[in-house]
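In: Requesting a structural model of the entry that follows:
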Amino acid sequence: MDKALPDGEHRRLPDLGIAIKSIIAFWLLYIALITLRAVVLQYHDFWEMLWRRSLAAFVGSLITFLVYLAMVPVWRRSLRAKAVVAAFLCLPASILFSAFNYFMFYVYAPLDAAKDEPSMAGMSAWEMLWRSVAESALSWYFIFAAWAAVYVAMSQAKQLRAADRHAAMLAREAQEAQLRALRYQINPHFLFNTLNSLSSLILSQKTDVAEQMLMNLSTFFRATLSADPTADISLDDEIKLQRLYLDIEQIRFPDRLTVAVDVPDALRTTRVPVLILQPVVENAVKYGVARSRRHVTVRISAYEEAGRLHIKVKDDGEIPADEFEPGEGSTGVGLKNVCDRLIARYGSRAGCMHGPDPEGGYTVHIYMPVVKHD
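Out: This next block holds a predicted model:
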């Protein structure tokens, strides 16, 4: 299978549009300038010379196009290589055009203006050809070189833009792949813990409770797996997903777990990465609720400050802070997963902090740019 390449690399004649447009523009400019000079200086045989100049411009366009074709093999080379090749190709092009120009004005039905030119008096045909071609070739060389410089510059700029777009696309795809990988680490981790709880309920013959937990689990996965892993959802929807998870955990801890949500209405439409809170809430239950012998409240709060959304998940469990080790006994995800996802999504504009709360329990504090719902 062919690899995807930046725009234009698959074409046999790259930058053909740039070449044709620049060639036409250059030679139309030549006709306009030479005609303007003839009008100002009141040259003899103006109309006769005009059609010859037009024919010369057409031939010059063909020669310039041949220069473009000769440059195609070095299209993928460096800018220096293309500039050197163009400089060499312009030399035979200018000589060829000078010879044709001499033929049109001095050989093919010479005009009176050409016959009466003092510099040509007394010269043989070969001397006139040699001198005319040699003198005019230098001038025409710079004309062809000017076109080549413009073409190479425009072609290089287009290639750089295509390369930038290609690099941006690859970076975006890499980031999306990373976000998907981080997202899909969450569900297996949560599923492992929930299945253990279901197993315990079944062994304890609490089939009704196990059935309710299984239904909640099905609802949770139906809601989460249908979402795009790289998409954002509203903070309100994210909290609803966490309530589904906490409903499952409340079946395990009916007398020990209370959930409190303190989110201003103005922030409920703020966009957040899907399931960004799930590992945090899961840790709060695992370390704050499961290890406590008393009632524990898991509180989810949010506020906006300096253009950033701040979300806190706090539990007031009785486990000593120095015993809390995020990720202990887990599959290695959890808080690290949350931090990695935030950095992959927002870079240095987002992050997370966590530690024991002075009032007891543990607090996880994450922040990210505020993105409102359109």
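In: I'd like the mean pLDDT over the helix or strand where R53 lies, please.
Out: Secondary structure from DSSP states H and E places R53 in helix 46-71. Mean per-residue pLDDT for helix 46-71: 83.
In: can you list contacts of the helix or strand that that helix is followed by?
Out: Counting by DSSP H and E, the next helix or strand C-terminal to helix 46-71 is helix 79-102. Contact partners of helix 79-102, identified using C-beta atoms under 8 Å, 6 or more residues apart in numbering, comprise 56, 59-60, 63-64, 66-67, 70-71, 74-75, 77, 128-129, 132-133, 136-138, 140-141, 143-145, 148-149, 151-152, 155-156. For the C-beta atoms, the positions are set from N, CA and C on the backbone; glycine is no exception.
In: Buried residues, helix 79-102. List them.
Out: Residues of helix 79-102 classed as buried by neighbour count (16 or more other C-beta atoms under 10 Å): 82-83, 85-86, 89-90, 92-102.
In: what's the answer for stretch 301-320, then?
Out: S301, A302, L309, H310, I311, K312, V313, K314, D315, D316, G317, I319.
In: For the second one, give the beta-bridge partners.
Out: Partner residues in beta bridges with A302, using DSSP bridges, are I311.
In: which residues does it contact?
Out: L235, D262, V263, P264, L267, T270, L309, H310, I311, K312.
In: and with 6 Å instead?
Out: Applying C-beta atoms under 6 Å, 6 or more residues apart in numbering to A302 gives the contacts V263, L267, I311.
In: mind checking pLDDT for it?
Out: 96.
In: how near is A38 to A137?
Out: Counting by C-beta to C-beta, to the nearest Å, the separation of A38 from A137 is 22 Å.
In: Those two - which one has more neighbours?
Out: A137 (21 against 18; other C-beta atoms under 10 Å).
In: In a helix, that one, correct?
Out: Yes. Counting by DSSP: H, G, I helix; E, B strand; the rest coil, one finds A137 located in a helix.
In: Poorly predicted segments of the stretch 251-374 of the chain, please.
Out: For the stretch 251-374 of the chain, the stretches flagged by pLDDT under 70 are 319-333, 373-374.
In: quick one, helices of it?
Out: In the stretch 251-374 of the chain, the segments counted as helices under DSSP state H, counting those that start in this stretch are 278-283, 335-346.
In: which strands and helices sit next to the first one?
Out: In this case it means helix 278-283. Judged by 3 or more C-beta pairs under 6 Å, 6 or more residues apart in numbering; DSSP states H and E, the packing partners of helix 278-283 are helix 335-346.
In: Who are the packing partners of the helix it packs on?
Out: The helices and strands touching helix 335-346, judged by 3+ C-beta pairs under 6 Å, 6+ apart, are helix 125-203, helix 278-283, strand 351-356, strand 362-369.
In: For P254, which of these is the nearest?
Out: When these are compared for distance to P254 using C-beta to C-beta, the nearest one is helix 125-203, at 12.1 Å.
In: List the contacts of the next helix or strand after that closest one.
Out: Remark: after helix 125-203, the chain's next helix or strand is helix 207-225, criterion DSSP H and E. The contact list for helix 207-225 (C-beta under 6 Å, 6+ apart) reads T194, L198, L201, I202, L244, Y245, D247, I248, I251.
In: Now tabulate these in a markdown table and tack on distance to Y346 and neighbour count.
Out: As requested, the contacts of helix 207-225 are exported to a markdown table (distance: C-beta to C-beta, whole Å; neighbours: other C-beta atoms under 10 Å):
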| residue | distance to Y346 | neighbour count |
| --- | --- | --- |
| T194 | 30 | 21 |
| L198 | 36 | 20 |
| L201 | 39 | 20 |
| I202 | 42 | 14 |
| L244 | 26 | 17 |
| Y245 | 24 | 21 |
| D247 | 30 | 17 |
| I248 | 29 | 22 |
| I251 | 35 | 20 |
